[in-house]
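Q: sequence first, then the predicted structure, then my questions.
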Amino acid sequence: MSPTQWDFPVELCCRPMAFVTLTGLDVVYNAVHRAVWDAFCANRRADRVPISFKVLPGDHEYPKCRPKRTSYEWYIPKGILKTGWMNKHLNLVPALVVVFYELDWDEPQWKEKQSECATRVEIVRQSLQGRNTKVAVVLIQKKTPLPPGEDVIASERAAALCNACELSGKSLFVLPHTDHLVGYIIRLENAFYEHAQTYYYTEIRRVKSHKEFLNKTTHQLLFVRHQFKIAFFSELKQDTQNALKNYRTAYNLVHELRAHETNILEIKTMAGFINYKICRLCFQHNTPLDAIAQFRKHIDLCKKKIGSAELSFEHDAWMSKQFQAFGDLFDEAIKLGLTAIQTQNPGFYYQQAAYYAQERKQLAKTLCNHEASVMYPNPDPLETQTGVLDFYGQRSWRQGILSFDLSDPEKEKVGILAIQLKERNVVHSEIIITLLSNAVAQFKKYKCPRMKSHLMVQMGEEYYYAKDYTKALKLLDYVMCDYRSEGWWTLLTSVLTTALKCSYLMAQLKDYITYSLELLGRASTLKDDQKSRIEKNLINVLMNESPDPEPDCDILAVKTAQKLWADRISLAGSNIFTIGVQDFVPFVQCKAKFHAPSFHVDVPVQFDIYLKADCPHPIRFSKLCVSFNNQEYNQFCVIEEASKANEVLENLTQGKMCLVPGKTRKLLFKFVAKTEDVGKKIEITSVDLALGNETGRCVVLNWQGGGGDAASSQEALQAARSFKRRPKLPDNEVHWDSIIIQASTMIISRVPNISVHLLHEPPALTNEMYCLVVTVQSHEKTQIRDVKLTAGLKPGQDANLTQKTHVTLHGTELCDESYPALLTDIPVGDLHPGEQLEKMLYVRCGTVGSRMFLVYVSYLINTTVEEKEIVCKCHKDETVTIETVFPFDVAVKFVSTKFEHLERVYADIPFLLMTDLLSASPWALTIVSSELQLAPSMTTVDQLESQVDNVILQTGESASECFCLQCPSLGNIEGGVATGHYIISWKRTSAMENIPIITTVITLPHVIVENIPLHVNADLPSFGRVRESLPVKYHLQNKTDLVQDVEISVEPSDAFMFSGLKQIRLRILPGTEQEMLYNFYPLMAGYQQLPSLNINLLRFPNFTNQLLRRFIPTSIFVKPQGRLMDDTSIAAA
Amino acid sequence: MAVCIAVIAKENYPLYIRSTPTENELKFHYMVHTSLDVVDEKISAMGKALVDQRELYLGLLYPTEDYKVYGYVTNSKVKFVMVVDSSNTALRDNEIRSMFRKLHNSYTDVMCNPFYNPGDRIQSSRAFDNMVTSMMIQVC
């Protein structure tokens, strides 16, 4: 954009720098001079002093200085600030003129050169007449100078030169043209800078000195002007603190000026300039809050100063510029490191600038709506002689006139007209959009998504006004979903309304339809009359006609649009538009609901499609189709206008294709599921509703899944929370909110109509062939085919169980490891209605514990659904948990021949093995036989015959056997000696004949065998009689290889008298036996203690009487004396 | 007195908006909607603060040329937004605060109504309406 009247002048916006001109440099032809100039210009970074340099010829004419005024008494200023003033001091009037001259100290023609230099200085001075501009001379020398004071000639000649040029010594510099050029230049620069500062200082003093001549009545303008100048010079001097102070004073003075319609623009312009400077300096001083405060004050002061009503758009243009400029300053400060926050960032200023630009546009529209016949005035009142204004902010046709009365009202009128006509040509939208997009960029940065959306809406609307509908739609479309997702329906409706206009004007069919659909929907806050109009248009469009124009559209644009619509009609092409509705809120709502979460395959799958229209008038649809994940069902779920008397419809009343606003329309669909889909999920993938027909235009609304759009999930949530009671509705009508979408269902197999019974006698006994009788009875009406039985261990249990469980159909033989745990698909044949079949299964369980058994019966049956014959596969399963237990417990113990419990047995001495078989089965057991298999080390003392053959044991009963065994000496064996196995053959008493007998092998425990040194056994009768002699013989066997010394003594007993050796000591040779004979004489009847035999082995102290007593009897039963016998016995005694 | 009073749901959709009928309603809707940017930011900033120490009043959300927008958020994240004319300097922070408190009490009463379903737009509460009217600028 070219700079407009409202843009700030460049010289105001730049950073003022001291202006220094360089003369006597030939930068085109002289390489040395070129190098010098480059060193001045190049690399002007922030660390270099702020000077703007310019190369000028020595005889350059500087702006003339006006003669000094001695008195202000008769002087009346014509304006506040001349338009050329700032530029003059930035770029035309230097603070310092430097004269470059090539001269070495040892120049042979010194005199001539010196005078030439003096002439050059003189020429410069001439052209600067009256100005305080400083002059300095720089001698470009080929030789490196000696240190100061050493070169006598140099100092002499320097003094002479200064004298000739009328320079102070401080203004003469030497620039040796050597390697260190840049270093010298920087030193020179700093010296120049000091001179420049002095110059600006004197300028400030000079301006200040005018003050005393001024008076408040006639020189008000001068107060502002001088204050501004002082501030500006301070800035040039880089004294920003004072500059700020002076600008602030100037600002206050501006507002003290008497304001009138004629000069208000000038005052505002100057106030704007000064305010800009103040804010800029505040940001520069890193006091952003001061800048903001100043700006607020500025706006508050100027907001109401509108000025001429006919040109009020100028005020808005000015306001807009103020905000924009401040936004720019703020943004620039942020780029230099300032941090802004969400609520205070440049975006707000750009936004406000855009707001004023919009206001300007509005005002311009009303104020500048001249007839086309109104010609631009000639001569142009806005033309000035110089092409520019003399003073900032004045009217070109009355420059310098300070009177508040209009001397020439006619001229004024023409001037205003000219301005108005010019304003008409301004492209306002472009300005507004630029400002808005600036603001958008800022708000994006400071996390204001909603503000951003709002601004984008404004941009879109502005594009709409600017007739750039494509861009408008793009922006509006982008923000629509934000408002939709947050549920701000008023805002959405407003955006949609604009979008609809855009799409109408471009004749964009699909967009037009989409926006219409949503504007008719429940999210739209439009009034009913508007909705009616849109609906009518929509119907027109569907009938391949042109819609009526949208209200408030530009008449010209409408004409173009109508032509476009007419073209669209004649244009053949795709007239079917598919619109996915899940991202917006259309005026038809849809919900699909299966009647049940699962259907048996032999009943038809039923579901309802509920439709509800929210538009004001009834609307017809032409087609409804439902798509499934299995596409074969799609064909069954279509309703079309053409198809008559479709029996899958429940609503056969006329107008089934017509949606009445607010009423829920229910459409019932039925289809028969395929038998292959048993166990699968049937899902509605989409519902398509066609409006219009294919001959005209057709819109297909496409709902993904079982319906629902952008707003429905929130509505469903609200409805679920609500405990409001819904009013009762007539039958076959439902409340829309109470319908819950159910878009999928399971197909499950037909319910079996057979019974499966299991007959068995639990628990199972380990290893037996456990019989399980399966009874299957058909209750079906027709014959069932292909009945198959799967039975056995239910899969999914412990893996060890699988290995220890075997199933067979043949109970006559024992099954082994090769039999499976589960018998699958045993064909059983067909069953007629009511028929029953039985199947015996035998299970062998190798371990105890509980097992789950499965009996699964499957069959095929023909059946008809909806007059369609299908073959259904049905199945029924039964599971049963069977416990397995040991049939009996076997206890084994070793006892001595005295039936005393033995911890260990003694070599070569007989002992008894006792087995105890305790039945644990709840059912009677038959012990078929038992057998003792002895280990090789054991020998039997008598016959090993089973004593329990064919014994029947009831629960809790036991059968015992006793075997007399002997074990030869084997030496010391760790862990004892193996005894052998005990084998029991048994079966259930109830089991049938052909059931095999089960053999259970029990490993007998090991026994520890010990050697003893001496074995004693006694020969004595089984009983005694009182007063009858009782002979007892003790056998003492030496079991060792040693000669044994034995001490024997017999302790007397009260019950006996005895004869024999009472105490003896004797020797027994290895392997031999000694007999001791005693004659006991019982004195008392009853169970009596025998006189105890004590044996002491001298070599084996461990051999105790305790051990001895295991072998020999300690008591005997004594019978009383018989009467008859008495006398004889006494006689015998 | 306020020129616009709004109640915004936790999910940021409007539950209730009333503005002075003399002015463009849409403008206030946009204003309230954009102010939610600042509310969101303030809520997330104080998210860490202890619940019992939390200040419900959010203060001035942002100033525009002509209006001041104030915010308040309940513990259940329902927001109240009030737009006040910038020229109305009589309204101080304390008054705004007490207006919000009154609004909150009235809103609580609405919530206590067993026939009101939380999350629905507040449409049929006369008491709430009257209370809002009493806080709005009277237009004769």
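A: Structure received. Residues are numbered from 1 along each chain as shown, chains lettered A, B, ... in the order given.

Q: what's the local residue count around residue 89?
A: Just going to use chain A. A:His89: 21 surrounding residues under other CB atoms under 10 Å in any protein chain shown. (C-beta placed from N, C-alpha, C; glycine too.)

Q: that answer is for a different chain, and I need it for chain B
A: When neighbours are counted by other CB under 10 Å, B:Thr89 registers 7.

Q: likewise A:Ile576?
A: Counted with other CB under 10 Å, the neighbours of A:Ile576 add up to 11.

Q: hmm, who's touching the lengthiest helix in chain B?
A: In chain B, assigned by DSSP state H, the helix with the most residues is helix B:25-46. For helix B:25-46, the external contacting residues (CB atoms under 8 Å, 6 or more residues apart in numbering or on different chains) are A:342-343, A:447-451, A:454, A:457, A:483, A:486, A:488, A:490-491, A:494, B:3-4, B:6, B:8, B:12, B:14, B:17, B:19, B:54-55, B:58, B:61-62, B:64, B:67, B:69, B:71, B:73, B:77, B:79, B:81, B:83.

Q: could I get the average pLDDT for that helix?
A: The predicted model assigns helix B:25-46 a mean pLDDT of 89.

Q: same check on stretch A:998-1010?
A: Mean predicted confidence for stretch A:998-1010 is 86.

Q: got it, and stretch A:1095-1112?
A: 77.

Q: and that stretch, which residues are buried?
A: Residues A:1095-1097, A:1103, A:1108, A:1110-1112 are the ones in stretch A:1095-1112 that count as buried (16 or more other CB atoms under 10 Å in any protein chain shown).

Q: just those residues now: which is nearest chain B?
A: A:Arg1110 (87.0 Å; CB to the nearest CB).

Q: what is the burial count for the closest residue in space to the closest one that isn't next to it in sequence?
A: Sequence neighbours aside, A:Ser896 is the residue nearest to A:Arg1110 in space, at 5.9 Å (criterion: CB to CB, 6 or more residues apart in numbering or on different chains). Residues lying near A:Ser896 (other CB under 10 Å) number 16.

Q: contact residues of the stretch 1001-1133 of chain A facing chain B?
A: Taking CB under 8 Å from any CB of the partner chain, no part of the stretch 1001-1133 of chain A reaches chain B.

Q: which two of the buried residues of stretch A:1095-1112 have the greatest separation?
A: Of all pairs drawn from the buried residues of stretch A:1095-1112, the greatest distance, 16.8 Å, lies between A:Asn1096 and A:Arg1110 (CB to CB).

Q: distance of the closest residue to chain B within chain A relative to A:Thr695?
A: Relative to chain B, the nearest point of chain A is A:Gly487 (3.1 Å; CB to the nearest CB). Going from A:Gly487 to A:Thr695 by CB to CB, to the nearest Å gives 39 Å.

Q: higher neighbour count, the two?
A: Of the pair A:Gly487 and A:Thr695, A:Gly487 is the one with more neighbours under other CB under 10 Å, namely 20 against 9.

Q: how close does the more buried one get to B:Ile43?
A: Using CB to CB, one gets 18 Å for the distance from A:Gly487 to B:Ile43.

Q: lowest confidence element among the helices and strands of the chain?
A: You didn't pick a chain, so chain A it is. Sorting the helices and strands of chain A by mean pLDDT, DSSP states H and E puts helix A:1123-1132 at the bottom, at a mean of 57.

Q: nope, chain B
A: When the helices and strands of chain B are scored by mean pLDDT, DSSP H and E, strand B:57-63 comes last with a mean of 84.

Q: what does it rub up against?
A: With CB under 8 Å, 6+ apart as the test, strand B:57-63 has contacts from A:343, A:348, B:35, B:38-39, B:42, B:68-73, B:81, B:86, B:93, B:96-97, B:100.

Q: let's see it at 7 Å
A: Contact with strand B:57-63 is made by A:343, B:35, B:38-39, B:42, B:68-73, B:86, B:97, B:100, as judged by CB atoms under 7 Å, 6 or more residues apart in numbering or on different chains.

Q: next: stretch A:126-141.
A: Residues from elsewhere that reach stretch A:126-141, judged by CB under 7 Å, 6+ apart: A:32, A:60-62, A:65, A:93-104, A:117, A:121, A:124-125, A:165, A:167, A:171-177, A:188, A:195, A:199, A:202-203.

Q: list the residues that contact the residue nearest to A:Arg1110.
A: Counted by CB under 7 Å, 6+ apart, A:Ser896 has contacts A:902, A:911, A:1110.

Q: from the buried residues of stretch A:1095-1112, pick the one nearest A:Gln5.
A: The closest of the buried residues of stretch A:1095-1112, once distances to A:Gln5 are taken by CB to CB, is A:Arg1110, at 138.1 Å.

Q: leaving out chain neighbours, which residue sits closest to the residue of chain B found nearest chain A?
A: Chain A sits closest to B:Tyr13 of chain B, with a gap of 3.1 Å, by CB to the nearest CB. Leaving out its chain neighbours, the residue that sits closest to B:Tyr13 by CB to CB, 6+ apart is A:Gly487, at 3.1 Å.

Q: residues of stretch A:535-551 that come out buried?
A: A:535, A:537-542, A:546-547, A:549-550.

Q: for stretch A:830-850, same thing?
A: Neighbour counts over stretch A:830-850 (16+ other CB under 10 Å) mark A:831, A:839, A:841-845 as buried.

Q: turn the residues you listed into JSON lines, including pLDDT and secondary structure.
A: Output for the buried residues of stretch A:830-850, formatted as JSON lines (pLDDT from 0 to 100; DSSP: H, G, I helix; E, B strand; the rest coil):
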{"residue": "A:Leu831", "pLDDT": "87", "secondary structure": "strand"}
{"residue": "A:Lys839", "pLDDT": "88", "secondary structure": "strand"}
{"residue": "A:Leu841", "pLDDT": "88", "secondary structure": "strand"}
{"residue": "A:Tyr842", "pLDDT": "89", "secondary structure": "strand"}
{"residue": "A:Val843", "pLDDT": "89", "secondary structure": "strand"}
{"residue": "A:Arg844", "pLDDT": "88", "secondary structure": "strand"}
{"residue": "A:Cys845", "pLDDT": "88", "secondary structure": "strand"}
